[in-house]
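Engineer: Sharing a model prediction with you, sequence too.
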Amino acid sequence: MSHFLDINKTDPAALREMVNSAHAMKTARKGLPKGAPDAGAPLAGRMIALIFEKPSTRTRVSFDVGARQMGGQTMVLSGKEMQLGHGESIADTARVLSRYVDLIMLRTFEEATLLEMAEHATVPVINGLTDASHPCQIMADIVTYEEHRGPIGGRRFVWSGDGNNVCSSWLHAAGQFGFDLSFTGPETLDPDPRAVAFARQKGATVDIRRDPLEAAIGADAIVTDTWVSMHDPESARERRHNQLRPYQVNETMMARAKPDALFMHCLPAHRNEEATDAVMDGPQSVIFDESENRLHAQKAILRWCLGV
């Protein structure tokens, strides 16, 4: 049994295996209808529980479709239905679900909820997102970068904006896949120092640059994310906008990067806030490929967790 809790907690060889598997499965599905089964139906007879304390579009649909394409069945549960830790304890919930299903995917708020679920489950647990990290997204992003530009090792990425949970997973990936990352954003929103330390300990060059135009020079890719969470109060939203406006990814910033640099954003986006329409819809943007590759990357993660 193998959990997929975070990129920094997974062996680099296993991560590479998943990325390669995602590429292979995507290639194998070319020309097939979306509902057509994968050859061999590797998840036949498997039941997957998808638990959402936080709402989602991409995570829910991609895991659901991916499991079904591989011959599995899914059970989608909301936070209101589960009330994790408010009625039955998380530990007991994990023990009970393990009697019914073959794998649990959890999208939640507190990292502690995920870790407690994994500690007490006797089936694999996948991190669909926490406030601390978003590993499934970054696995899809690596698949995306490599299908457009080849091996990610040795490249330099620029993260512009808020050093949030997605940024933390990019830092974890820098350490595990061997690329460098420059963070550009306000000091008040710097990335998690533990994620920075992990990447550096693994040999990645991680630097923090306050000038976004200087940071973008020579970048292989520029990455950003929404400036506000759906749960942020209005007062927090305005403060964040004031801090982050200088870090909008626009045509001027992209022009400082390499001519073949990619623009990446995990979506959903607030257009013309964290990035302009011209960048998001421009020739360097791969944002919708990232969304599609959530499907293929997560299928590879499911197979790795279940050993099939």
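Structural biologist: Noted; the coordinates are in hand.
Engineer: so who does the most centrally placed residue in the chain touch?
Structural biologist: Ranked by distance to the mean C-alpha position of the chain (C-alpha atoms, centre = their mean), the top residue is residue 137 at 1.7 Å. If you count contacts by C-beta atoms under 8 Å, 6 or more residues apart in numbering, residue 137 has them with 129, 166, 169, 266, 290, 294. Glycine gets a C-beta too; all of them are placed from N, C-alpha and C.
Engineer: Give me the helices and strands touching the helix or strand of the chain with the lowest mean pLDDT, please.
Structural biologist: Least confident helix or strand, the chain: helix 79-82 with a mean of 76, by mean pLDDT, DSSP states H and E. If contacts are counted by 3 or more C-beta pairs under 8 Å, 6 or more residues apart in numbering; DSSP states H and E, helix 79-82 sits against strand 47-52.
Engineer: Which positions within the strand it packs on qualify as buried?
Structural biologist: The neighbour-count check on strand 47-52 (16 or more other C-beta atoms under 10 Å) flags 48-52 as buried.
Engineer: Over the helix or strand just after that strand, what's the mean pLDDT, rounded is fine.
Structural biologist: Sequence-wise, the next helix or strand downstream of strand 47-52 (DSSP states H and E) is helix 58-69. Taken as a whole, helix 58-69 has a mean pLDDT of 97.
Engineer: Now do stretch 242-251: everything it contacts.
Structural biologist: Stretch 242-251 is contacted from outside by 160-162, 184-186, 188-189, 212, 222, 224, 227, 263, 273-276, 278-279, 282, using C-beta under 8 Å, 6+ apart.
Engineer: Pull out the buried residues from those.
Structural biologist: Burial by neighbour count, 16+ other C-beta under 10 Å: within the contacts of stretch 242-251 this picks out 160-162, 184-186, 189, 212, 222, 224, 227, 263, 273-276, 279.
Engineer: In helices only, show me those.
Structural biologist: Among these, DSSP state H puts 212, 279 in helices.
Engineer: Sketch out the strands for the stretch 51-200 of the chain, chain order is fine.
Structural biologist: Per DSSP state E, counting those that start in this stretch, the stretch 51-200 of the chain carries strands over the ranges 73-78, 103-107, 125-129, 156-160, 180-184.
Engineer: Just checking the distance from the second one to the centre of its chain.
Structural biologist: Translated: strand 103-107. 14 Å (C-alpha atoms, centre = their mean, to the nearest Å).
Engineer: That strand vs strand 73-78, what angle?
Structural biologist: Per axes from the mean of the first three to the mean of the last three C-alpha atoms, to 10 degrees, the angle that strand 103-107 makes with strand 73-78 is 30 degrees.
Engineer: Listing partners with orientation, what would you give for strand 103-107?
Structural biologist: Applying DSSP bridges, strand 103-107 is found paired with strand 47-52 (parallel), strand 125-129 (parallel).
Engineer: and what of the longest one?
Structural biologist: Sheet pairing for strand 73-78, assigned by DSSP bridges, gives strand 47-52 (parallel).
Engineer: quick one: contacts of the partner strand?
Structural biologist: For strand 47-52, the external contacting residues (C-beta under 8 Å, 6+ apart) are 59-60, 63-64, 67, 72-79, 82, 84, 97, 100-108, 128, 302.
Engineer: So what angle separates the directions of whichever helix or strand residue 295 is part of and helix 58-69?
Structural biologist: Here residue 295 sits within helix 287-306, counting by DSSP H and E. Counting by the same axes, to 10 degrees, helix 287-306 points 60 degrees away from the direction of helix 58-69.
Engineer: List the buried residues in helix 287-306.
Structural biologist: 287, 289-306.
Engineer: Go ahead and produce PDB holding the CA coordinates of that helix.
Structural biologist: C-alpha atoms of helix 287-306 as PDB (Å, rounded to 0.1, in the frame of the first residue of the first chain):
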ATOM      1  CA  ILE A 287      -3.200  26.400 -19.100                       C
ATOM      2  CA  PHE A 288      -5.800  24.100 -20.700                       C
ATOM      3  CA  ASP A 289      -3.300  21.400 -21.300                       C
ATOM      4  CA  GLU A 290      -2.500  21.500 -17.600                       C
ATOM      5  CA  SER A 291      -6.200  21.000 -16.900                       C
ATOM      6  CA  GLU A 292      -6.400  18.000 -19.200                       C
ATOM      7  CA  ASN A 293      -3.300  16.500 -17.800                       C
ATOM      8  CA  ARG A 294      -4.800  16.400 -14.300                       C
ATOM      9  CA  LEU A 295      -6.700  13.400 -15.700                       C
ATOM     10  CA  HIS A 296      -3.700  11.600 -17.000                       C
ATOM     11  CA  ALA A 297      -1.400  12.400 -14.100                       C
ATOM     12  CA  GLN A 298      -4.000  11.300 -11.500                       C
ATOM     13  CA  LYS A 299      -4.700   8.100 -13.400                       C
ATOM     14  CA  ALA A 300      -1.000   7.400 -13.000                       C
ATOM     15  CA  ILE A 301      -1.100   8.200  -9.300                       C
ATOM     16  CA  LEU A 302      -4.100   5.900  -8.800                       C
ATOM     17  CA  ARG A 303      -2.300   3.100 -10.500                       C
ATOM     18  CA  TRP A 304       0.900   3.600  -8.500                       C
ATOM     19  CA  CYS A 305      -1.000   3.700  -5.200                       C
ATOM     20  CA  LEU A 306      -2.900   0.500  -6.000                       C
END
